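In: 3D model of this:
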Amino acid sequence: MAFGLLIGGCEPQPAAEQTPVEPAPDAVQEPAASETAGPSISYEKYRLDNGLDVILHVDRSDPVVAINLAAHVGSSREVTGRTGFAHLFEHLLFLDSENLGYGGLDEMNTRIGGEGTNGFTTTDMTQYFQAVPADALEKVVWAEADKLGYFINTVTQPVIDVEKQVVKNEKRQRVDNRPYGHNFYVIGKAMYPQDHPYNWQVIGSLADLEAATLEDVKTFYSRWYVPNNVTLTLSGDFDVAEAKALIEKYFGEIPAGPEVALREPRPVELKENISLYHEDNFATVPRLTMVWPSVGEFHPDAAAFEILSEYLSEGKRAPLNEVLIDELKLTSSLSTFNYGKELAGEFYLFVDANAGEDLDGLLPALDTAFDRFEKNGISQKDLDRIKAGYEVAFYGQLQSVLGKAIALGQYNTLTGDPERINSDIRRLQAVTTEDVMRVYNTYIKDRPHVATSFVPKGEPALTLEGSVEAAVVEETVVQGAEAAPEADRTVRDFESTPSSFDRTVEPPFGNPYELPAPAVWRETLENGVAVFGIESTETPLVYFSLELDAGRDRSSVAKPAVASLTADLLNKGTANRSTAELEDAIKSLGSDIRISAGSTSTRVSGSTLSRNFEKTMALVEEMLLEPRWDSEEFELLKRKQINQIDQDAGNPEAIARREAAKLRYPADHIYSYLPYGTRDKLEAVTLADLQAFYGANYSPVRARLNVVGDVGAAAVRTAASGLAARWKSPQTDPVSLPPAKPVPQSALYLYDVPGAKQSVLRIQRPSLSALDPDYPLAEALNFLLGGIYTSELNTELRVNKGYTYGIRSGFSGEKDRGTFAIGSSVRANVTRESLELIRDIVAGYGPEFTAEDLAVLKGAVLRGQALKNETLSAKLNVVRNISRFGYPDDYQARNAQRVEEMTLEQFKQLAGKYLRADAMQYLVVGDAATQAERLGDLGFGAPVMLPAIN
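Out: All right, here's what the predicted structure looks like:
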């Protein structure tokens, strides 16, 4: 559905493993989704004389306003040889404009307390958005108008050249330096003719990006970035008359551009199957992808495709899962999804085979699964269950004013009808079982498709028989190439665009707003479980989290996976319900319940429609207190995680996570392992280990239930009464673990990934716990260092040098420990230069921090409080922190006040105490052949080579 695109990015990504089900005979029956009321989002749409579509939606629940510019231009507006321009423009439009100045947009957003500017590009559109405190309305209208109408004269060739490097780093990170990264490129080339606008990927080719000129950029801008091809959406707490006047003032005199004609759909039809393969440098297990031409996003059959996709692979009795995972055990990871676009669509099936298995062995199993589906079809109960889930998902994406702004802009851009925000869910509710089968028979059954086999390097025998090698362009990163381009940001040599008033003056703030603190209520259940909640009636949803002291800290080093596997297995049925029956009971309510283990606790978390909260809590009680201990499900879970460990062995990001944990803690410390440990330790875990862990640790002692949403304290107490009455034991004591390794001086570590196009950097040291009085000040300390886009680290390494797609730093704290860490992926041939910059920036951050910097920091932290608690997820995080750490109800306001009272001298003292560039672990995961010798010049001695794990 269209709302699925709201959480998408530049490229479609394979879905995580999904698993669907048939409702059990005793499943709780609720009204069919088609009988429930859909959302009711009020709005006003009008058009300026220059063709700009404007949509206004008022929501006064929080003092926040969101603004969104949606341009009807994506990669499908490009031409062969000039691909990647739409996405490059997404980057360029954040950099400069005539009146904001270079970096002015992001600097202003930070200063006024916004949550950051952002955007995304798809095949068919580009969106730019930000959310800010309500009194900054005029500021963001001024700023977004400057981007649209007063941008292009500031662009120079050096600016383009720097941003090319950023985009190329994004491609390396998302495509070139990860397993299966080239899969969508291969599929696009095979699925679509060369002249079809979906033949190339959104991010484009490196060669095309390198060839981009200033004249190319100006031509693209003048054709597509014009008011009559853009939708402006305002959503939030504002006065409509004032907003209209501001929009007319700032946008009204931007001239219209050439007419942009509506485009007709361009579906494709394959004449025969196409089978291609690629030996992947990072893959450790073979992946089969099968893709059929489907339909566009708003085609009448698109909704049925969504249902079909969900049913085939989402749930225990889904035909694909049933055959390939449970019965034949050929995989532990498969998924399907439909990717509908404006002009055409694709239906994807992914299967990751077990290590070393021939992909041809999957084909008979796939035939069996599809035959079973053709014979049994989809039941009405299954259809209603899936529709109920979509209702909850739809409401979930419309909780924030920013989410609504993006959705309204998207619907208007692609269909001309923002009313679809209210009616689109009914399109799905109208789907029948006959529709689902018709779509399958029309587009999938016996229809030609593209099949790709991505196999580990050196294992071409695992590909489908008859596959032809795909033409994948592999980049060679050469040491000394792509030197950092120089772009003098201080030179403002351009002709100003005429305006009827002085646009160089930033507008003032509007009327001040009030920021009420969340009203937290408390209860205590009869078994001692503390309950914390915030009531919010904005959407008919409830989010909850039951947390108990049964985390990984209670597992043994011999079997680190026990805590995680115990939690996982509790999701697989109860004493009186099979896995499929439990899934049916949950999904028929439109609910989601998930039990998972963290470092210090196990969480039973979920969401539901408020009308179904009591029934959902009854299922939580059943899952927690009546485990099934199914031995077959246990073996399937183990196999799934073993396969994941095998896959992670070739993924540089996953390797970095694993090696960073080993560096932080001694080898005999449970936290030196990731949640499922190593392959051999995971294989040693037995079902009896899980039962023993459950019996010893699943206790109501110190447990906390957190609930937020459309439910009050009395209703929560009633819904949890059964759990309170039955859950009494065992008694447990708190766990105390030794601290992380001390890091008295810096050291450099290198893990070799031969041929890596990027180096993954993880820099870390032990730091303060979440209970330390300095913790909120340390979080503020990091804000301008590496906590936001305009941070010093990101400005220098991404914006100025083009070394990386992004870099972040931050403090993370538990009750008794904490870590300060910096993470990035950088172009391989600037690994040493990146580490030098990071070291020097961290070392100089405190000493060079000024009173002006402190004023910006204080303004950002204080004003940013307006955006902290808008969504249910944010509210749940508030009560979790209160219940988990014992924070006062108004801890956010208190922390902000402490930042406001901080002096420059105190800031510098904190920086000297907690930011230690001279006492960090510097981890590099990259190509040792080209980097090891150069890294020895950093001043930390020769890098310590970490042993490879196969």
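
In: Restricting to C-alpha, output stretch 648-667 in CSV.
Out: Presented in CSV, the C-alpha positions along stretch 648-667 are these (Å, rounded to 0.1, in the frame of the first residue of the first chain):
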residue,chain,number,x,y,z
ASP,A,648,27.2,-12.1,9.4
ALA,A,649,30.7,-13.6,8.9
GLY,A,650,30.9,-11.8,5.5
ASN,A,651,29.2,-8.5,6.6
PRO,A,652,31.6,-5.8,7.6
GLU,A,653,29.1,-4.0,9.7
ALA,A,654,28.2,-7.2,11.6
ILE,A,655,31.9,-8.0,12.0
ALA,A,656,32.5,-4.6,13.5
ARG,A,657,29.7,-5.1,16.1
ARG,A,658,31.1,-8.5,17.1
GLU,A,659,34.7,-7.4,17.3
ALA,A,660,33.8,-4.2,19.2
ALA,A,661,32.1,-6.3,21.9
LYS,A,662,35.2,-8.5,22.3
LEU,A,663,37.4,-5.5,22.7
ARG,A,664,35.1,-3.8,25.3
TYR,A,665,35.0,-6.8,27.7
PRO,A,666,37.3,-9.6,28.9
ALA,A,667,36.9,-13.0,27.2
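
In: can you give me the offset of that stretch from its chain's centre?
Out: Taking Cα atoms, centre = their mean, to the nearest Å, one finds stretch 648-667 lying 21 Å from the centre of the chain it belongs to.

In: Repeat that for stretch 575-593.
Out: 26 Å.

In: Give me the buried positions along that stretch.
Out: Residues of stretch 575-593 classed as buried: 577-593 (neighbour count, 16 or more other Cβ atoms under 10 Å). Heads up, the C-betas are built off the backbone N, CA and C, glycines and all.

In: Give me the subset of these that lies in strands.
Out: 592-593 (DSSP state E).

In: just checking, which of the buried residues of stretch 575-593 belong to helices?
Out: 579-587 (DSSP state H).

In: could you dump those to TSV with distance to Ala618 and pLDDT?
Out: Shown next, in TSV, are those (distance: Cβ to Cβ, whole Å; pLDDT from 0 to 100):
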residue	distance to Ala618	pLDDT
Thr579	18	97
Ala580	19	95
Glu581	14	97
Leu582	12	98
Glu583	16	96
Asp584	14	95
Ala585	9	96
Ile586	11	97
Lys587	15	95
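
In: what's the nearest residue to the residue sitting furthest away from the middle of the chain if we skip its chain neighbours?
Out: In the chain, the greatest distance from the average C-alpha position (Cα atoms, centre = their mean) is reached by Ser500, at 42.2 Å. Nearest non-adjacent residue to Ser500, counting by Cβ to Cβ, 6 or more residues apart in numbering: Glu253, 5.9 Å away.

In: that older thread, between all of the ones in helices among the buried residues of stretch 575-593, which two are separated the most?
Out: Thr579 and Lys587 (12.2 Å; Cβ to Cβ).

In: which SS class is Arg438?
Out: helix (DSSP: H, G, I helix; E, B strand; the rest coil).

In: Give me the pLDDT for the residue lying closest to it once chain neighbours are set aside.
Out: Distance criterion Cβ to Cβ, 6+ apart; nearest residue to Arg438, sequence neighbours excluded, is Ala304 at 7.3 Å. Ala304 carries a pLDDT score of 98 in this model.

In: Quick check: the gap between Ala304 and Glu391.
Out: 17 Å (Cβ to Cβ, to the nearest Å).

In: so how many other residues sit close to Gly116?
Out: Neighbour count of Gly116, defined by other Cβ atoms under 10 Å: 16.

In: For Val162, see how far away Glu210 is.
Out: 13 Å.

In: These two - which one has more neighbours?
Out: Val162 (22 against 13).
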